Structures are given as structure tokens and as C-alpha cells.
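> Predicted structure and sequence below. I'll ask about it afterward.
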Amino acid sequence: MGLLSLGTPLTWEEAKPHADLVRERGIEQLLNIWKKAKSKERDILLWGDEIEYLVVSYDEDSKDARLSLRQAEILKDLAHDEELRKAGGCVPSLQEINQKPGQRVPTFHAEYGRFMLEATPGAPYGGTLRDLLTVEPDMMKRRVIAKQHMTKNETPITMTSFPRLGVPGAFTQPYYPPHGPIARSIFVPDEIINPHIRFPTLTANIRSRRGSKVCINLPVFYDEKTPTPFKDPTVQYDLSDYPEDGNVRNGAVKDGHVYMDAMGFGMGSCCLQITFQAKNISEARTLYDQLCPLGPIMLALSAASPIFKGYLTDIDCRWNIISGAVDDRTEEERGLKPLNENKYVIPKSRYDSVSTYISQDPGFRPEYNDVDIHQNLPLKQKLLGGGMDEQLAKHFAHLFIRDPLVIFSESINNYHVENNDNFENIQSTNWQHMRFKPPPSAEDAIGWRVEFRSMEVQLTDFENAAFSIFIVLLTRTILSYGLNFYIPISKVSENMETAHRRDAVLSEKFYFRKQVFPPRYANRSGKGSNTSPGGSISNTPKPVELGPVEDEYCLMTINEIMNGQSGQDGFPGLITLIESYLNSVNVDVETRCELARYLDLIRKRSTGTWETAATWIRNFVRGHPDYEKDSRVNAAVNYDLVKAAETLGNGEGKGTDLWKGLFEKR
Amino acid sequence: MLPPSSIVFRTGNIIIAGRNSLEKSNQELLNSLRQNFEDASSRATGGQMSWIEARGDTLYAPSIEEPDGLSEERAEYDITVKLFYLPGVPVSKRRDHTREALQHVLRELRVSSIDLLIISFPDISFDAEDHSPDTEPSQREVDEWAETYRALETLQMEGQVKRIGLSEFGVARLAKLLPRTSIKPSVDQINVRDCCVVPKPLIQFAREQKIELLTHNDCTNILPSSALQSLLLETHVALGELKKVDPQWVVKYTAVVQDRGVVENKGYFAMARIGID
């Protein structure tokens, strides 16, 4: 979560008239940063992960696991920890953070859900391979510190979605009835929302702008005794406290689906995100594009959320739930009504897959941007007039078709072009699966960054570290070999849908590029340097005849993508490429051995030797004696599941049945 | 003009040369040479062999161009060079070969020094070395290593090499060689197929001696004479029917941008003697 400024938030109706102003100022702030930072060079590799936790609260008498709503108290307690304070503090929103170099105190942040915590490694990791070995211990330390500041019956778990969020009855501690005025949800109380004014406002304004509650229907997983056709029995059709209560009477609920109606179902999910600093803007654009096709692949491989609102569903991932949970598009924008008040029919939610590539590498072909996207043309003109190139201007002009959702009245009369608040207002409420991040200000030491956002948080820190490290190693491999993973962007979106399907990791195929090495004689300018080194004349590339784009990719299994296809000319596999990179650099024995453990997890996940958390959770529920084979995850099953997640998360349970599947062939 | 007596082969920067870099080092070397020969001969404008250049009594294949060097300041890089002494080459030649090989790398990367020079002796491998007492090196072996090692110490004192490294040395070998050195090796590079089985005594010994244990994936016989002969036949490098080429050394170099972990330049040189068969 970005910086939480304070002030008086405007309702959607009040904010609407200022939308153009915020966007114009945002673009002006962006141009100011871009002009000064576009020539920033030679920034080193720094990177960090973000892990989100659910805080659960056990009631040992009734054997129930609920969501604790004590986020604020836990953060306050963390901020008052004397030892942590001495080491430099660990809650940036509540205290001065002044960490000493060489010392990394994890930092904790509030998240949307009042039952969530986010933790990051206080200071970023460096660029050496040895630094990678500090990732898992750092993550474990965060979990321990978080736990130390909770009550005895509370614990942090890294489960992507809380199985019983939104079930009838109590699923929070303490209990609050649903159907408050902010979310107006039939299922969840407003008290699950972080009370910082930004979050309730965001929730209410998305609903107001949309003109109805958000609407998410997930296909139910039909088990032996699931009623057919399944009609979500938890929906109340007869409420009439708010106009939105009519939504369910007007077709919001689909047969065969689990219905959800609030932002909290999505933004209450936990992810694992990785942010890298690139050496310059050009390398950042390269990494953004090259990691883009990996987004869906890593989503399927990290799949961890098969249960929502107390039901086993037929999907494995959270992504589309969040997408639906923050979908602020009006009926006109969704194409349900002819355009009248709105400017565009917008095919995607603000939270969705990337729709346009941004790099100017020689490997890029205009055909890859095969999706027509709306752009805010007057603002694009400003960017072009300010000297920005077409491709990057298009990216930002696309983000800037969205309205600002939260405006603080104080900020309207307090505008500084040197800040980035107006820019971030739009930028950070475009939740695409990659994020291209300019330096926070023109003067900042922080460089151009890229965020990889699709992965689900894993049950254990070993897995979270493995996924983070895999992505970091992949970026180094991409940059060293000048790899090219481009496929048409529409295929990336298709892959994103595919990734959600139950057990997609083993049963689905994904579009992936076949030939990833650059053409011979490509010079290094294609590898993200701002200036091309003077290549000798004899090395000038002969123009390569490019075949049809359709011939460049094919459908592959995740096993093939990770471990390679058979045959001389088959795709060599991402793990093979990474290992080849590791063979080209100096790696000490211990580091190589540890890295092999992490790569092995990715390898075994992709071959199916080890299960995804989604499969593991599904199997856990279906094998539980209290499960009634009717898709419902009752309190008893949930309690044991959460306990199991806690055990595994604490690095325990080795050799027990819990371990089977996840880290041992079942 | 003198009849050529040696030939220097060059791969150029292979880090962006695609699939070749996925192979083991011997295959990587041969494939990269083949590719570089083919590219050079297809670009050549003169006769069939015009892509090979004669300077003095040395041939260069392909001919030496003005290298691009590195794209950023020298200080940004970690440059590692690994020199493979080949079997059957007299030990007395190693001093000259070491200098010669290093000069080619310095010229190619346009730098005046490298960070780490690792040497690989022929016919020794790491496998199970620490477990069998009969691998205790002979006095002659140790004498040869010590003699070769002195050449590295000289290069280090001259400032061309910052750190010295050995490869495939287990405890027995290290224990014999270390007393004979005046500058301790900083690195011992070992080939570990499964790197979690490095012998404990070696880990312990290396720690005490402050020697960093690095991994590699090279093979010991990096350029057999027969493989080179058939490559030359295949790529139509005609050195006269009676000429035999005898590989003397192979050098591999890697330039990595330290703070970013990006490999920018990687390649090989190899030198062979040309003799009458």
C-alpha cells in the first residue's frame, strides 16, 4: 500500500468534478519526474519482496479460527517495541524509520483488510547471489516478529484467501453483523475494512461510481453431494436497506456459482509481490515487457486459493476475484448500455492483466501490441509534447483513462508539481499484473523500478523465498542473454484466464515463445542500455526476415516452460536457462547448493511431483472427516486447515502427513 | 614470410550467441568456434581463407578486429579468467602460455587487469579425491604445480591479476601446494554435480585458509586434439595437408557487472601449435 495521506476525503459525487484536474496534475508531475530521471544511469540492482499475512484468532473452546480485526493494535504494539525501535523502527506509518546500514529490520504496513498485515524487508536486498540466501531468514524473522506482537490466540498465516470470509455467522473476532453502509454487502461487515479513511472511501466510491455493488461469481466445485444445480444458499434476496440490495434481485447471482459482493473479498487476499530497481529507464522497460508473459505462468504455479466464502470453487487463484472486487466501471463502460455519460467502453477492470508493452528493444514488434486500448488523448499529447516517446506515452495515457477514486479536499488547494501525489492517485489504483514505477521524485536516489504482481502468497517462507529468488534469477538471466519472451499481449491475457482453472499448472497449456535467444549479432543496445556502444561495422546485423508472429509461439505445458521441451530446437526451459546463467558467474558452493533447493521447488511444482497450495488445500478439505462432500468448508474443517497452515508456516510438521503433497510426493 | 607455427582461435562474445551457451564448456567452446568461423567466413570479401589473418608466425582465426571492449567503467565489472593447461604440453611452456592467454583477454576486453585468474591443470579431477588416500600427489606433480603457480604470482605482483584461483584441488593437493606459494590462492573452483556433497574436510580446510570454494560446470578435457581437427575439417580451415594442429591452451573469460549480476561478455580463446604431421 502506498503512502496514506490524511485529510477529508470526497465522496464520489464530490470527487467527480475534480477528476480531470487530478489527472492533468498527475501527468504534469509524471513529466516533471520523467524529464529529470530519464537519464538516470547505472543504478544497482536492489530488490524487495512484499508478503501479506492474514491474522487469525483461534477460539480453542469452540474449535474455530476467525479473522482477527486487531491490525491497528498490532501495528501500534510493533511500533512501541523498544528493541525494534532501537534497531531503526519497523512501522513506517507510525514512526520515524532510520535504519542503520547493514542492518535490516523488517517493516510492517497496514493493508486493506483489517485482518491483514504486510511485511517487507526493511531495506532492500542487494544484487549479489549471496544476498539471495538472506531472503528466507528475513521472511522467517518477519513472521516471528509479527507473532510476538499478537495475543496468545492470534497468529499470522500466509494463506492467500481466508476460507470462511463472508460465511453466515461469525468469521471475525469480534463478531460484527454484515450489511453496513459502506460496502453494503450481504456477507461482510464494514468492520473488516482498515478504518483509515482512505479505505472505506475507496470502497464506497468504487460502489458509487459503478452504480451497484461489485459482483463476483465463482464457479462452485461440484463434489459428490453438492446440490445440482448449485444456487448459492447464503444470498439474502429480501433486504431493502440500500438501493444496492436490489442487485441480487436483478440477476447479480449466477446459478452454479458462489456469489460475492464486496471489495473485501478481493482486497482481503494475500499476495507475494517483487519489486526490482533497474539500471535505467530503458532496462526497466525491458524487464517490464519480458516479465509480462511470465505473469500468468507464475500465477498458475503459485496457485493457492481454491476456497472462497466457505465453498470449494472450481478455480485455484485469487486474481480475478480481486479484479471483480475493485471493478468500478459503470454499466456504460462495461458495454451494457450505450455510451452517454462515459467516454469509453472499457474491456477490463482496473485490476487486470497488462494491455500494452512499453519497451523499445529491437526484439519488440508492433504486432505484439495487438489489443486496441483506450488512451486519454489530450493527456497523451501533453506527454508527447514534453518529449516522451509514443510507446511510453501510450502506456500512461492508458492508465489515465481511469478516474481518481479517492481525493482529499485539502490536496486540491495544495498542489506542487515536484510531488507525485496526483500521479500516484491514478498510477497506484491501476492494479495490473506488472507495474512500471518511476522514481518517487526527480531528486530521489531511488531509480526506475518494475513490480511483478501476479503471484499468490505461499504457505511457507521456503516457498515464498523460492518464488522470489526464481524471479530475481530470471531477470539476471534475461538481461545477460538478452532473452526475448514476447508473445502478442492478447495471448498473455488469455493465459491469465487459463491460469485460474483448477489444476491449471498440470492440466492446461499456455501460449509461450519458442525461440527466445536474440538473433545473432544483436548488439548489447537491445539489452537495456540507454546508449548503444559503438559496434564495429562488420558486426552490423543483417536485416533478419521476420516470419508471421503466429509462428513465434505455441502452446506449452508449465513443465515444458520450466524444464524444457524435448528435441534439439525445443524451448530449453526457464530453469535450464537460469542454471546456465549460474554456470557463467562465480558462485560459491554454499550459495549454489541453497539456490538448487529453491530451483528444485519450482521444478517439482511444474512437473507435479509436489502440489500447489491450491491442490494441497483442496485435498486437505476433501480428505477431512468433517467435510460433508458438499463443497462447504465448515468451521471444523477450517480450524484444522488454518492450524495446518500455521504449523507449516512456522517451518514445522516435517515428516508428518501435512508435509505430504506440498514437499513430498503424496 | 615465416611458415606459421601457431594459430589462435577466438569465439568473440558468446553470451548473446544463443543456445550454445546452454551446453557444457567443451561443447560450448566447439559450437561457438564453429559459429564464429562460419560468421567470419560468410562476411569475408576475399578468398576462401581471407578471414584468417597471419601476423608474424601466428595465424588468427578469425582475424583480429578492434574489439568493442566493455560498455561501462572498468570498476563496475568482475572479470574472471579461467586458463586450461592442456595435456601433453610441456610444463616449461606454461609461464609463456599464461602471459599470452592473459594478453588476449586483456586486449579483447580492453582492460589492463583482471580480478581473478583460475588455472586448471590437465588430468586432475575433483571426483572423490578427498576420500582415497592414493590420490596423494607425487613430488613431481607438486613441483610442476609450484612452478606454474609462480607464473601467476608474478602476474599478481605486476598488477595484472588481482586474485589467483586453483581448480579441482582437494585437501591433499592444497596441503602440498600451499607451503610452496608466497601468495595464497583466494579461490578453489570445484566441479560438483550435486553441490551438496562437498566433502566436509575440504569445506573446513578452505575456511581455515580463507579460500573461497566456487562451483563450475566445465569439463576437464576441454579441447581434445581430435575434436579440434574435425572442427577445422568441417569448417574448411586448410592449413596444408601435412600440418597437424596441437592445442596448447584454452582460456575462458567472463565479465560480470557486479552490482547487477549481469553477464556482459563471455568468450574463449584457444591456441594450437601447427606442426608437420
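That came in fine, so what should we check first?
> How about the contacts made by residue A:632?
A:310, A:311 (CB atoms under 8 Å, 6 or more residues apart in numbering or on different chains). (Each C-beta comes from the backbone N, C-alpha and C, glycine too.)
> Can you give me the distance of it to residue A:312?
8 Å (CB to CB, to the nearest Å).
> Please list the residues of the stretch 51-200 of chain B that sit near chain A.
B:65-66, B:68, B:71-72, B:76, B:78, B:80, B:116, B:187, B:190, B:192, B:195-196, B:198 (CB under 8 Å from any CB of the partner chain).
> Out of these, name the ones that lie in helices.
Using DSSP state H, no member of those falls in helices.
> So which of these sit within strands?
Among these, the residues falling in strands (DSSP state E) are B:78, B:80, B:116, B:187, B:190.
> coming back round to it: okay, who's weakest in the residues of the stretch 51-200 of chain B next to chain A by pLDDT?
The lowest pLDDT within these belongs to residue B:195, with 56.
> ok, how many other residues are close to residue A:620?
Counted with other CB atoms under 10 Å in any protein chain shown, the neighbours of residue A:620 add up to 22.
> does it really touch residue A:643, like I thought?
No - using CB atoms under 8 Å, residue A:620 is not in contact with residue A:643, being 10.8 Å away.
> So, low pLDDT: which residues of chain B?
Scanning chain B for pLDDT under 70 picks out the ranges B:1-2, B:18-19, B:21, B:127-135, B:193-196, B:240-242, B:276-277.
> try 50
For chain B, the stretches with pLDDT under 50 are B:129-130, B:133-134.
> Helices of that one, residue ranges please.
So, for chain B - with DSSP H - the helices run B:25-43, B:94-109, B:139-157, B:171-177, B:200-208, B:225-234.
> At the geometric centre of chain B, which residue do we find?
Taking CA atoms, centre = their mean, the centroid of chain B lies closest to residue B:251, which sits 2.2 Å from it.
> From what I see, that one and residue B:86 are in contact.
No - the pair residue B:251 / residue B:86 is not scored as a contact, 11.1 Å apart, by CB under 8 Å.
> Check chain A for its longest helix and report it.
Assignment by DSSP H; longest helix in chain A turns out to be helix A:461-481.
> count of neighbours near residue B:58?
16.
> that's a strand at residue A:155, yeah?
Yes - counting by DSSP: H, G, I helix; E, B strand; the rest coil, residue A:155 is found in a strand.
> what's the closest non-adjacent residue to it?
Leaving out its chain neighbours, the residue that sits closest to residue A:155 by CB to CB, 6 or more residues apart in numbering or on different chains is residue A:646, at 5.2 Å.
> Please identify every residue contacting each of residue A:632 and residue A:312.
Contacts common to residue A:632 and residue A:312, judged by CB under 8 Å, 6+ apart, are absent.
> ok so, going back, among the residues of the stretch 51-200 of chain B next to chain A, which pair sits farthest apart?
Largest separation among those by CB to CB: B:66 and B:196, giving 45.6 Å.
> and these two? which has more neighbours close in?
residue B:196 (12 against 9).
> looking at the helices of chain B, which is closest to residue A:437?
helix B:94-109 (33.9 Å).
> Nothing else from me, thank you.
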